[in-house]
Every structure is written in C-alpha cells, then in structure tokens.
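Novice: What would the 3D arrangement of this be:
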Amino acid sequence: MTPAAANVERLIAMSDRLSDALEADIESLKRGMPRQMRMLEPEMQKLSALFSREALGMNPTAAKALPPEPRKQLGLSTKRFRDALAMHARLLTRMRNASEGMIRAVAEEVERKRTSMRVYSPVQKNPTAPSAMIFNSVI
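Specialist: Residues are numbered from 1 along each chain as shown. So this is what the prediction gives:
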C-alpha cells in the first residue's frame, strides 16, 4: 500500500468516525439532551485536530492521482461529513438563538415590571436609584 493510499484510508476512517459523532450529536440535540453530545469528548476533540492536519496534507493534485475507487470513497465520506457538519451548525445556531431570545424576553419582562412599580414621584432624578417617601406631620 502506498503512503498516499494509506493516508486516504486514514482520512476516510477519521471522516466516518467524525460524521458518526456529529450525527449522534444531532440526535442528542433533537431529543433535548445536549449533555450527551459526543463532540465534546476529549477523544473527539483530538480526532478532529488530527483530521484537520491530515486533510491539509491532501491537495487536489494528490486526490486526482488516486485510483477511482478510493477517490470515490473519499468524496462520499467527505460529503457525508460536510452535510453532518452543516446540519450540526444549523441546529446549534437555532438553539443558541432560541435560548438567547428567552433570556432577552425574561430580562425585558423583569425590566417592564420594575419600571411599572415606580409610582411615588412624577419625575425621578435617577430612575434606577430607589427613592424614599417623605412624610410630614401635616395632614
């Protein structure tokens, strides 16, 4: 086996493992269990870094020089990985936007309730500072 063929085999294997982990993460997110995400595991982080280094070594001329079958397998594996990565990114973005939206809504509601309770004075110098009521003895 040539070094280029061995490199392609490793890339395909790593791509498939990363795709499997991403697809498992997508299912975890869809079920509402983000703590079960596999990509957060140190092993997957190392595999991702190793895949990046290996993929940088694969240039277009080396890929064109491959026999047709390994080139086809590499293309299919890479496509599956890209699709899983895109879906994972979309799902994480949706979840982040939803959670940020909920936090913003709660903060706005708290602020609305806080401002509606200031009724003692028609004009306040500092609206965030608490003001005291002054009573005089004249009724």
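Novice: hey, let's count contacts and neighbours off CA atoms from now on
Specialist: Will do.
Novice: For stretch 6-22, give the mean pLDDT please.
Specialist: Averaged over stretch 6-22, pLDDT sits at 91.
Novice: Just the mean pLDDT for stretch 107-123, thanks.
Specialist: Stretch 107-123 shows a mean pLDDT of 74.
Novice: where along this structure do the helices fall?
Specialist: Using DSSP state H, the helices of the chain run over 3-30, 42-57, 60-64, 68-116.
Novice: Could you say which of the ones you listed is packed most deeply?
Specialist: Mean neighbour counts were compared across the helices of the chain using mean count of other C-alpha atoms under 10 Å; the top stretch is helix 3-30, at a mean of 18.
Novice: tell me how far that helix is from the chain's mean position?
Specialist: Centroid displacement of helix 3-30 relative to its chain, using C-alpha atoms, centre = their mean, to the nearest Å, is 18 Å.
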